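Novice: Got a sequence here, can you build the structure:
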Amino acid sequence: GCLEDEVPQIKERAQQGNYPVDPRMHEVFDCVRKGTFSMGEDRAHGEFCGLIDKLLNTTEAGTWNGDKYLLCYDFPSYLDAQAKVDATYADKPKWCSLSIQAASSMAKFSTDRTISEYAQVIWDVKPSPRPLKA
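Specialist: Have a look, this model is predicted:
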């Protein structure tokens, strides 16, 4: 994707009509418009197509005012990152090693720690021991 300081220039170019959308994103849009993901549900199909229309919205003057969060702009980078994930996942020993490394390095960010901290700091409640089974 883009860096934060690049956003204003990207949006400015887009306002001037220069907001190219990757052909692979157009393939996704075509699948959506054909009803591939709505599974026969007319309401869902209309909502999905409406999202595409908003992303690609241009004014009557031809200026762009859609894709506020630059999803289309970031799509090629997303695909590149996903391709790297897919390649790593195909190497099972490497994937396993990286998974263990990631899990073991998250101690500070564990959900147990987060919930405990919220209980103490935010909710001001004390831990309660679970009763033993009789």
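Novice: pLDDT weak spots in the chain?
Specialist: Within the chain, the segments meeting pLDDT under 70 span 58-63, 108-109, 134.
Novice: could you point out the longest helix in it?
Specialist: Ranked by residue count and defined by DSSP state H, the top helix of the chain is helix 71-90.
Novice: List the buried residues in the helix or strand that comes right after it.
Specialist: Using DSSP states H and E, the helix or strand that follows helix 71-90 towards the C-terminus is helix 92-104. Judged by neighbour count (16 or more other C-beta atoms under 10 Å), helix 92-104 contains no buried residues. The way it works is simple: take the backbone N, C-alpha and C, and place the C-beta from them, glycine included.
Novice: likewise stretch 12-30?
Specialist: Residues 14, 19, 21-22, 25, 29 are the ones in stretch 12-30 that count as buried (16+ other C-beta under 10 Å).
Novice: Export these to TSV and append columns for secondary structure and distance to K68.
Specialist: Formatted as TSV, the buried residues of stretch 12-30 follow (DSSP: H, G, I helix; E, B strand; the rest coil; distance: C-beta to C-beta, whole Å):
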residue	secondary structure	distance to K68
A14	helix	11
Y19	coil	12
V21	coil	15
D22	coil	18
M25	helix	16
F29	helix	17
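Novice: before we move on, back to that, need the residues that contact the longest helix of the chain.
Specialist: Helix 71-90 is contacted from outside by 1-2, 10, 19, 21-22, 24-25, 55-56, 67, 94-95, 98, using C-beta atoms under 8 Å, 6 or more residues apart in numbering.
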